[in-house]
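Visitor: Any chance you could fold what I've pasted below:
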Amino acid sequence: MFENKLRGKILVIFSDPGGAKPCLSIFEDFNKLNLKIISDRKYSFYNDFKSTVEVLKNDIEISTLIDEFDPDVLFTGTSYTSDLERKAISYAKKNGVFTISFVDHWTSISNRFLNPDGLNFPDEIWVLDERAKHIAILEKIVKEKLFIVGNPYHIWLKKWKPKVERKDFFNSLKLDETKKMILFAPDPLSNVNGIEKFGFDEYIASKEIVKCVKETNDDFKQTYHFLIKMHPNQCVEELARIFEANDNFTILPLDVNTNECIYFSDIVMGFFSSFLMEADVMNKPIIRFLINELKNDPFLGLNVGVKTNGESLVNNIKKFK
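Guide: Numbering: from 1, shown residues only. I've put the predicted structure just below:
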């Protein structure tokens, strides 16, 4: 399918990691002579892929890049904390370039294309599944623009294997690899008005988790250790203060290899992040920490992980041997 739509010179642009990984997976084996990949951020996972990503310099306008490369197709991710893709789509459409965007989640699909002067959709929008398509239609995106493609990154991830051993990975982080490791990736819900939308955000949930661990017995504290994998779109310093006074929590470096973190952890925990979907691909035990029961759960019907709250967290962790 991809090859039929992606011909000629292709310019790929993304910012957030959720869009970067599917984009890189799609273009893993494309002719590099007709391909240019641009981002305004540098991630350690770029090294996992064959393609070269050029990090945008601050003094270069996206319009200049499009003019210089003169693509037949612009393919973008859909970040919600960066306007890089939106600017590229607007300029490309004005100049007759065919535009395609990949949406890596089920939330705020139309808002990913919101400019100061209103919504501006690309020629095609690629979504994960029927549910994402249905949500997009409810958000007033015409169905003729929508195409279901699954998540190309998950296909790529099924073949991935770490290049290091578990012991070496945790030794590099100065951690005791004999402990059971719980990888917690707190989604940046505060960026999307999480308290109003879901009844909590990453700060409320993180404080509750720390409280739960403090109240456990010494046996639990000696057996389990929490690894905190921050999202690059959230205020790392503010969130880190919640965990830093407790020895059972370690804040991971932002450039740590995400796949290795998932692969070597015993349990992966979060809210609605695509991080959890990646853990599911790796067949890891998953806990979804939700403060309250949600009617608007983005993972509704996906059957991913065990839902838990503060009262049941410790017991659910112990169930995974």
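Visitor: what about this protein, any weak spots by pLDDT?
Guide: Applying pLDDT under 70 to the chain flags the ranges 1-3, 59.
Visitor: and residue 181, what element?
Guide: Taking DSSP states H and E as the definition, one finds residue 181 inside strand 180-184.
Visitor: Centre of the chain to the helix or strand that comes right after that strand, how far?
Guide: Remark: after strand 180-184, the chain's next helix or strand is helix 194-198, criterion DSSP H and E. For helix 194-198, the separation from the chain centroid amounts to 19 Å (computed by C-alpha atoms, centre = their mean, to the nearest Å).
Visitor: just stretch 270-282 next, same as before
Guide: That offset, for stretch 270-282, works out to 9 Å (C-alpha atoms, centre = their mean).
Visitor: Using PDB, write out every CA atom in it.
Guide: What follows is stretch 270-282, C-alpha atoms only, in PDB (Å, rounded to 0.1, in the frame of the first residue of the first chain):
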ATOM      1  CA  GLY A 270       1.100   4.200  32.100                       C
ATOM      2  CA  PHE A 271      -2.300   5.800  31.200                       C
ATOM      3  CA  PHE A 272      -3.100   6.000  27.500                       C
ATOM      4  CA  SER A 273       0.300   6.300  25.900                       C
ATOM      5  CA  SER A 274       1.300   4.600  22.600                       C
ATOM      6  CA  PHE A 275       4.200   3.500  24.900                       C
ATOM      7  CA  LEU A 276       1.800   0.900  26.300                       C
ATOM      8  CA  MET A 277       0.900  -0.300  22.800                       C
ATOM      9  CA  GLU A 278       4.600  -0.800  22.100                       C
ATOM     10  CA  ALA A 279       4.900  -2.800  25.400                       C
ATOM     11  CA  ASP A 280       2.000  -4.900  24.300                       C
ATOM     12  CA  VAL A 281       3.800  -5.700  21.000                       C
ATOM     13  CA  MET A 282       6.700  -7.000  23.100                       C
END
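Visitor: Please enumerate the helices of this structure.
Guide: Along the chain, the stretches classed as helices by DSSP state H are 2-5, 17-26, 62-69, 84-94, 130-138, 152-157, 166-172, 194-198, 202-214, 218-223, 236-243, 258-264, 274-281, 313-319.
Visitor: CA atoms only: put the fifth one into CSV for me.
Guide: These are the backbone C-alpha positions of helix 130-138, laid out as CSV (Å, rounded to 0.1, in the frame of the first residue of the first chain):
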residue,chain,number,x,y,z
GLU,A,130,-11.7,1.6,12.3
ARG,A,131,-12.1,3.2,15.7
ALA,A,132,-9.7,6.0,14.9
LYS,A,133,-11.5,6.5,11.6
HIS,A,134,-14.9,6.7,13.3
ILE,A,135,-13.5,9.2,15.8
ALA,A,136,-12.1,11.3,13.0
ILE,A,137,-15.4,11.3,11.2
LEU,A,138,-17.1,12.4,14.4
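Visitor: Packing partners of that helix?
Guide: strand 124-127, strand 146-148 (3 or more C-beta pairs under 8 Å, 6 or more residues apart in numbering; DSSP states H and E). Every C-beta, even on glycine, is put in place using the N, C-alpha and C of the backbone.
Visitor: what sits up against the shortest one?
Guide: With contacts defined as C-beta atoms under 8 Å, 6 or more residues apart in numbering, strand 146-148 is touched by 124, 125, 126, 127, 128, 129, 130, 132, 133, 136, 137.
Visitor: give the contact list for the fourth one.
Guide: Residues counted as contacts of residue 127 (C-beta under 8 Å, 6+ apart) are 103, 109, 133, 136, 146, 147, 148, 149.
Visitor: Can you give me the neighbour number for residue 90?
Guide: 19 (other C-beta atoms under 10 Å).
Visitor: before we move on, back to that, buried residues of the strand holding residue 181, list them for me.
Guide: 181, 182, 183, 184 (16 or more other C-beta atoms under 10 Å).
Visitor: That strand: how far from the chain's middle?
Guide: Relative to where its chain is centred, strand 180-184 has its mean C-alpha point 18 Å off (C-alpha atoms, centre = their mean).
Visitor: Give me the angle between it and helix 274-281.
Guide: 140 degrees (axes from the mean of the first three to the mean of the last three C-alpha atoms, to 10 degrees).
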